[in-house]
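**Q** give me the fold of what follows.
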Amino acid sequence: QVQLVESGGGLVQPGGSLRLSCAASGDISSIYNMDWYRQAPGRQRELVAHILSSGTTTYADSVKGRFTISRDKAKNTAYLQMNNLKFEDTAVYYCFARMSTITTPMSVGNYWGQGTQVTVSS
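**A** Down below sits the predicted model:
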């Protein structure tokens, strides 16, 4: 059993900062990538940031220069540092990872966290 657990969401004023964490636990063999998605009310879920096991990162244009994704391989944890937050960043943020497990090392599965709410409001 593998799971992703997000933390760090909350209420913040425009221009403020938050740091989200996503911890992977369980029967993990390899983690290939860890991503952050977000979904605002009435909108489709969108990719915010992506990090490969090599450390290569990709960002949505809307967050470039404000958000930074990082990963601690030893802790199987990804982080999303969000600075200069804007009203339009309000959403539920989800962690996503592609991982293989010890029991099925040749099979790569897609895993989602339960989501954490980020609200930017004055």
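
**Q** ranges for the strands of this structure?
**A** For the chain, the strands defined by DSSP state E occupy 2-7, 10-12, 18-26, 28-39, 46-52, 57-59, 67-72, 77-82, 91-101, 108-112, 116-120.

**Q** most tightly packed of those strands?
**A** Mean neighbours per residue, mean count of other C-beta atoms under 10 Å, is largest over those for strand 77-82, with a mean of 23. Quick note: C-beta positions are derived from backbone N, CA and C, even for glycine.

**Q** ok, residues contacting that strand?
**A** Contacts to strand 77-82, defined as C-beta atoms under 8 Å, 6 or more residues apart in numbering, come from residues 17-24, 34, 36, 48-49, 51, 63, 66-72, 89, 93, 95, 97, 118.

**Q** ok and that strand relative to strand 18-26, angle-wise?
**A** 170 degrees (axes from the mean of the first three to the mean of the last three C-alpha atoms, to 10 degrees).

**Q** who does strand 77-82 pair with, and is each partner parallel or antiparallel?
**A** If you go by DSSP bridges, strand 77-82 pairs up with strand 18-26 (antiparallel), strand 67-72 (antiparallel).

**Q** residue at max distance from the center of the protein?
**A** Note on the chain: the largest C-alpha distance from the chain mean falls to Thr103, namely 25.0 Å (C-alpha atoms, centre = their mean).

**Q** hmm, Asp27 and it touching each other?
**A** Yes - if you go by C-beta atoms under 8 Å, Thr103 and Asp27 touch, sitting 5.9 Å apart.

**Q** now Leu18, nearest residue through space, not along the chain?
**A** Met82 (5.0 Å; C-beta to C-beta, 6 or more residues apart in numbering).

**Q** this completes my enquiry, with thanks.
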